[in-house]
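Asks: Predicted model and sequence below, questions to follow.
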Number of protein chains: 4
Amino acid sequence: MIRTAILGATGYTARDLLDLLLRHPQVQVTALTTRQDSQPHVAEVHPSLRGRLDLKLENLSPAQVAERADCVFGCLPHAASAAVVSELLEAGCRVVDFSADYRLDDPQIYTHWYGVEHPDPGRMAQTVYGLPELYRDSIRGADLVANPGCYPTAAILALAPLLKAGVIEPRGIVIDAKSGVSGAGRSAKPHLHFPEANENLTPYGVGEHRHTPEIDLILSKWCGVNTNVVFTPHLIPMDRGELVTAYADVASDVSAERLLETLQEYYTDEPFVRVLAGIPGTKQVANTNFCDITVRRVGDKAVIVSAIDNLIKGASGAAVQNFNLMYEFEETTALL
Amino acid sequence: MIRTAILGATGYTARDLLDLLLRHPQVQVTALTTRQDSQPHVAEVHPSLRGRLDLKLENLSPAQVAERADCVFGCLPHAASAAVVSELLEAGCRVVDFSADYRLDDPQIYTHWYGVEHPDPGRMAQTVYGLPELYRDSIRGADLVANPGCYPTAAILALAPLLKAGVIEPRGIVIDAKSGVSGAGRSAKPHLHFPEANENLTPYGVGEHRHTPEIDLILSKWCGVNTNVVFTPHLIPMDRGELVTAYADVASDVSAERLLETLQEYYTDEPFVRVLAGIPGTKQVANTNFCDITVRRVGDKAVIVSAIDNLIKGASGAAVQNFNLMYEFEETTALL
Amino acid sequence: MIRTAILGATGYTARDLLDLLLRHPQVQVTALTTRQDSQPHVAEVHPSLRGRLDLKLENLSPAQVAERADCVFGCLPHAASAAVVSELLEAGCRVVDFSADYRLDDPQIYTHWYGVEHPDPGRMAQTVYGLPELYRDSIRGADLVANPGCYPTAAILALAPLLKAGVIEPRGIVIDAKSGVSGAGRSAKPHLHFPEANENLTPYGVGEHRHTPEIDLILSKWCGVNTNVVFTPHLIPMDRGELVTAYADVASDVSAERLLETLQEYYTDEPFVRVLAGIPGTKQVANTNFCDITVRRVGDKAVIVSAIDNLIKGASGAAVQNFNLMYEFEETTALL
Amino acid sequence: MIRTAILGATGYTARDLLDLLLRHPQVQVTALTTRQDSQPHVAEVHPSLRGRLDLKLENLSPAQVAERADCVFGCLPHAASAAVVSELLEAGCRVVDFSADYRLDDPQIYTHWYGVEHPDPGRMAQTVYGLPELYRDSIRGADLVANPGCYPTAAILALAPLLKAGVIEPRGIVIDAKSGVSGAGRSAKPHLHFPEANENLTPYGVGEHRHTPEIDLILSKWCGVNTNVVFTPHLIPMDRGELVTAYADVASDVSAERLLETLQEYYTDEPFVRVLAGIPGTKQVANTNFCDITVRRVGDKAVIVSAIDNLIKGASGAAVQNFNLMYEFEETTALL
């Protein structure tokens, strides 16, 4: 039985993570933290979990967390997360970090995009990127895993096998991404007020979204190429679900069939990637850990479409999948 | 040409009011106020109106407003509104007040429900309630009109003619009301955050909603009976639209046909009330000033259903209808 | 390991039932039926289940089903269901029937509301109504269970303990119910077309909905009173979730506190009913088998609010709960 | 007073067209056609219009229509439309055709994409494309105008001025488009059933959508270049609104400022195109005839975003704008 804690347990990813962990036969949830001092019961913070877990959220120090938990899931904001992670690791905990802090490998690029100094730069380049479809072997037994961003998950799963096989070109890739509003977090903001976001559709962060360097880093490193993607996320009036429509130049002489076979071959044994002949939508992956993908050739472009649940495969489900690998449990435990 | 001003022009009712006034051939919009000092352009506050009106929102005193405008539409909160209205009237303006300040006639009841002293109690009992279907003659030529609440509009239009005709009983009336989220205003609040309100349905203010005494007052006064309604509003995951399902005991021997005929006869010449044999929905009245109504007899109860757009017939459209009556313009001007 | 089959496996209840059964450690899904002859794979019919179950939908006779399955979940339309259920029972299967066929106990009332002769009238009065909170002991070990309708589930759980305790009056009860669109089934119909149902809110079947006699029968029988409820369902623009707002006269001298305590006491050991001091919404029970309830006293009325997921506690989750009781598994298996 | 008829008046574009025409001071609606023989009243077909127009839909021949109307708006399917349009023109009517029949200029390309022979090929190349921002002078006084498709409207308005000015390259343009569900028409289809389309997001017609040749033709012809766009539409869970995110290689040395200025200069006098420094969303143009546009430079790509209401600027509003030009009325009549 692994004793687990969640840091920053007030948001949607923490709620969905709890929903999964409470079904996991080898997990006991022993601590939930918040930076508030009011110590609310989990049922007040997440009414859907009432009756499933009898625990308060507490303002705990890393040392206190380490006393109670073997494995810690960190749902803290960037920079705040790394400050705590190093303490937890030194105290003997293993950590799955949801923040961006250990996804990049270069402190300068981190500072450029996140606007702060990295609190733990030495560990950046040594941390495994928690995308099992690319880095399964390194995740097994790891003490710290950087849980990927939601957009990078959908984008990298769509593009990486095609880039590595050389059937699409690394230059000029366009990633047009769409996400349900839960991806923007739980804090009420004017543009996320229901009458503003409902019946509306807007791009945001055009050319400036922080997931851009993460996509470029992983694609370039894993595929051995240099990408420089144009990434445009859009806010969609729905709760959950994320879709990436990626456009890349097809390498010469590569047929539509070859593109699809490349994906099918790469993902043939993956438990959570389903390569489809048809067109995926977000609803068929909602509340699941699946990523559904297809590819079409249109003129000289490959159009690759991938769909995930932004909170599950894009966050909490991926974290449980990583946890299962870290502790060598069956990879699909609590996820099917 | 009537010079008009809107006080508190940042919300949804002000936006929809502007949309209507800009189509009105006898109206010129000359002033918009806000309590902020930043003087934003109307196109920044209401992007849908960009290019239709070149005006800034300003922090103006009542005296400044009175210099620029003949008629003032007040979209201020309760209590704040009455404080200003009396000044405007004394300065010679005519006023349509969207707040609750002049809807009730008793300062004590006002204080009980709104928790503050009324700033202008002497005018309460003398102000006409701006529901043309009940008080058209008094609205004509009035200097001050109390624009009704959205729920009272839908509820009173459903019940008043039946109560007055004596075909339903005044005691034990249940009003189960449902509204789109725009009815809750433009301020971002946690329970109105898109991922909270979307795919959700909740009652609120059960037994405590401030529209309750307004419904009871107007029904009782106009129908010459004593009602004591049980009123339960619900928040519905849609932008606009409001539906009232009201339940009342049928007076003895009254048939389903007689109930429907009573409504048809009362509303036969009304330009904005459509009595239907079928069941109304909110979509068919969305973005219109119509109220669609029907009635059924189920056992010993009359089930009356009425649908309006909460922002139009429930607020801004009603205000323009009142304005047209006050100035003796064609009642439907700018509303069809 | 219980071999289970689903009859009529193309709809939303079947999909959600499969999702639950595939997590159940004592269940093996061995047959899925459809009246089409094209034998589609379950992944074509329910894309969300791709990769979780490798089975075709087949046009099987009851005898063929009985060869493959110990327990059968019937998702067939009324009348079609009873015709098959008797055969299955005789062939030794145990059955959870989702149709209305065994919920009522009087063939004449059935014919009045459903417009057809009942194919198996002799079994009607002997079949247990599958609401564990009322009939747990009779469900244990039963061979046939009538799975309740979604509206009756929410309405009866709200009203039954209060009626039985005598704290509300049986006469004049109003049940104003609201459901997400999945409750209307999977068949595309004009009024359920997205641009018709979205941003819309309509009552339907006013005074004529077939769940009315079911509510009256169970309330009257179990509570030992005579009810004659006025029941009005409404279609809400959301996928799933159902809310009942019920209004009943309070018996004399009963306080608000006593009403709430009556519910709390009755449900104190129930695994899936959560009595709240606050107001429930549908989102906190979505995708769960929970029913959240509260009660308020408003004037002389009790206002009772209950919320369920119409497809889970209102259909498939209830069926699994019944299945667990029938086979004496832990009642919450696969449901938390 | 222009007597106007609408052919095929049962759909959403006809409803919105009626809503606009009924506000137009120079228009009298004299005939509505349907291919059904049941002669429904317009209030049965479009409940929102009840009380605004007292007219039946009739199964009229072109000759009968021509007797009653000076100007005809054709909302018929492709091929069916051209068969009727030629008759109407010969009978002296002027026509705004919503179908695709007169948008392309080459019968062979038409047959390739639409799968049928064109019924009136001789008129194809002579018909003006009804996008006033490109072809205002030719629309003035025209007898037949081909009303543009919704996607081409948003895409061409975004790209044409930039292409013509040479600040973006014509090769390799990607158009990622998103539309509310009303764009798919009023017929109930399985994938547009509310519980399928709600909380879902799917691409469709990838590389095969019939608006592709229309976009390429108009861009190439008007800009004097050769484009070969990759066009991917997506279905968004909302009623109305359409957004195009277009990606094009920036011509060398062209700055972000120069891109935006090119749009601002081109559209400076247009009544319905608003070039923004900020990012447009669909809600701010919903129920209006506006198109809001901006452009960003991201790496070597221009990212151009345009938003329209698919039923207004994308169909019925554009038709009224064309009608105003044809009859030399003020271009904005009934549209503000």
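Replies: Nice, thanks for sending it over. Numbering: from 1, shown residues only, chains lettered A, B, ... in the order given.

Asks: Can you tell me which residues in the stretch 51-200 of chain A are near chain B?
Replies: Counting by C-beta under 8 Å from any C-beta of the partner chain, the stretch 51-200 of chain A comes close to chain B at A:180-182, A:186-190, A:192-199. For the C-beta atoms, the positions are set from N, CA and C on the backbone; glycine is no exception.

Asks: Just the ones in strands from those residues, please.
Replies: Using DSSP state E, A:Gly180 are the members of these that sit in strands.

Asks: The closest residue to chain C within the stretch 1-150 of chain A: how many residues sit nearby?
Replies: Closest residue of the stretch 1-150 of chain A to chain C, C-beta to the nearest C-beta: A:Pro47 (3.9 Å). Applying other C-beta atoms under 10 Å in any protein chain shown, we find 19 residues neighbouring A:Pro47.

Asks: Would you enumerate the residues in contact with it?
Replies: Going by C-beta atoms under 8 Å, 6 or more residues apart in numbering or on different chains, A:Pro47 touches C:284, C:292.

Asks: The closest residue to A:Pro203 other than its chain neighbours pairs with what?
Replies: Leaving out its chain neighbours, the residue that sits closest to A:Pro203 by C-beta to C-beta, 6 or more residues apart in numbering or on different chains is A:His234, at 4.9 Å. On the basis of DSSP bridges, A:His234 is bridged to A:Lys178, A:Pro203.

Asks: Quickly note the distance from A:His234 to B:Met1.
Replies: 44 Å (C-beta to C-beta, to the nearest Å).

Asks: The two: which has the busier surroundings?
Replies: A:His234 (24 against 9).

Asks: sorry, back to before: just the buried subset of the residues of the stretch 51-200 of chain A next to chain B, please.
Replies: Buried residues within those, counting neighbours by 16 or more other C-beta atoms under 10 Å in any protein chain shown: A:180-182, A:186, A:188, A:192-199.

Asks: Of the residues of the stretch 51-200 of chain A next to chain B, which is the nearest to chain D?
Replies: A:Glu199 (4.7 Å).

Asks: Pull the contacting residues for the residue nearest to A:Pro203.
Replies: A:His234 touches A:176-179, A:201-204, D:178, D:243, D:245, counting by C-beta under 8 Å, 6+ apart.

Asks: Likewise for A:Gly130?
Replies: Contacts of A:Gly130 by C-beta under 8 Å, 6+ apart are A:96, A:139, A:145-148, A:318-319, A:322.

Asks: Restricted to strands, list those residues.
Replies: A:96, A:145-146.

Asks: returning to that earlier point: could you work out the most separated pair of the buried ones among the residues of the stretch 51-200 of chain A next to chain B?
Replies: Using C-beta to C-beta, the two most remote members of those are A:Arg186 and A:Glu199, lying 21.4 Å apart.

Asks: picking up where we left off before, of the contacts of A:Gly130, which is the nearest to A:Asp54?
Replies: A:Ala319 (22.7 Å).

Asks: Contact partners for the closest one?
Replies: Residues near A:Ala319 by C-beta under 8 Å, 6+ apart: A:17, A:73, A:96, A:98, A:130, A:147.

Asks: Pipe the residues you listed into a markdown table and attach distance to C:Lys283 and pLDDT per row.
Replies: Output for those, formatted as a markdown table (distance: C-beta to C-beta, whole Å; pLDDT from 0 to 100):
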| residue | distance to C:Lys283 | pLDDT |
| --- | --- | --- |
| A:Leu17 | 18 | 98 |
| A:Phe73 | 23 | 98 |
| A:Val96 | 27 | 98 |
| A:Phe98 | 23 | 98 |
| A:Gly130 | 29 | 98 |
| A:Asn147 | 25 | 98 |
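
Asks: List the single closest residue to the closest residue to chain C within the stretch 201-336 of chain A in space, sequence neighbours excluded.
Replies: Residue nearest to chain C within the stretch 201-336 of chain A (C-beta to the nearest C-beta): A:Gln284, separated by 4.0 Å. Nearest residue to A:Gln284, sequence neighbours excluded (C-beta to C-beta, 6+ apart): C:Pro47, at 4.0 Å.

Asks: now A:Val298
Replies: Using C-beta to C-beta, 6+ apart, the nearest residue to A:Val298 is D:Gly207, at 3.4 Å.

Asks: Out of the contacts of A:Gly130, who's the most crowded?
Replies: Most neighbours among the contacts of A:Gly130, by other C-beta under 10 Å: A:Pro148, with 31 neighbours.

Asks: Assign A:Thr294 to helix, strand or coil.
Replies: Three-state assignment for A:Thr294 (DSSP: H, G, I helix; E, B strand; the rest coil): strand.

Asks: contacting residues around the residue in the stretch 101-250 of chain A that chain C sits nearest to?
Replies: The nearest approach of the stretch 101-250 of chain A to chain C comes at A:Glu199, 6.9 Å away (C-beta to the nearest C-beta). Listed by C-beta under 8 Å, 6+ apart, the contact partners of A:Glu199 are A:237, B:239, C:199, D:180, D:238-241, D:282-283, D:286.

Asks: For chain D, give me its nearest residue in the stretch 1-150 of chain A.
Replies: A:Cys150 (13.9 Å).

Asks: my read: that residue touches A:Ile308, true?
Replies: Yes - when contacts are counted by C-beta atoms under 8 Å, A:Cys150 is listed as touching A:Ile308 (7.1 Å).

Asks: what residue ranges in the stretch 51-200 of chain A score low on pLDDT?
Replies: Applying pLDDT under 70 to the stretch 51-200 of chain A picks out no residues at all.

Asks: so is the residue sitting furthest away from the middle of chain A in a helix, a strand, or just coil?
Replies: Largest separation from the mean C-alpha position in chain A: A:Asp253, at 34.1 Å (C-alpha atoms, centre = their mean). For A:Asp253, the assignment made with three-state DSSP gives coil.

Asks: re earlier: how close does the residue nearest to A:Pro203 sit to D:Ala248?
Replies: A:His234 is 18 Å from D:Ala248, by C-beta to C-beta.

Asks: A:Ala14: helix or strand, and which one exactly?
Replies: helix A:12-21 (DSSP states H and E).

Asks: That helix near chain B at all?
Replies: Yes - with C-beta under 8 Å from any C-beta as the criterion, chain B is reached by helix A:12-21 at A:Tyr12.

Asks: Is chain C within reach of that helix?
Replies: No - Helix A:12-21 is not in contact with chain C by C-beta under 8 Å from any C-beta; minimum separation 8.9 Å.

Asks: could I get that helix in CSV with only the CA atoms?
Replies: C-alpha atoms of helix A:12-21 as CSV (Å, rounded to 0.1, in the frame of the first residue of the first chain):
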residue,chain,number,x,y,z
TYR,A,12,-9.7,20.2,-11.1
THR,A,13,-6.7,18.1,-11.7
ALA,A,14,-6.5,17.2,-8.0
ARG,A,15,-10.2,16.3,-8.0
ASP,A,16,-9.8,14.0,-10.9
LEU,A,17,-6.6,12.6,-9.5
LEU,A,18,-8.4,11.8,-6.2
ASP,A,19,-11.2,10.2,-8.2
LEU,A,20,-8.7,7.8,-9.8
LEU,A,21,-6.5,7.2,-6.7
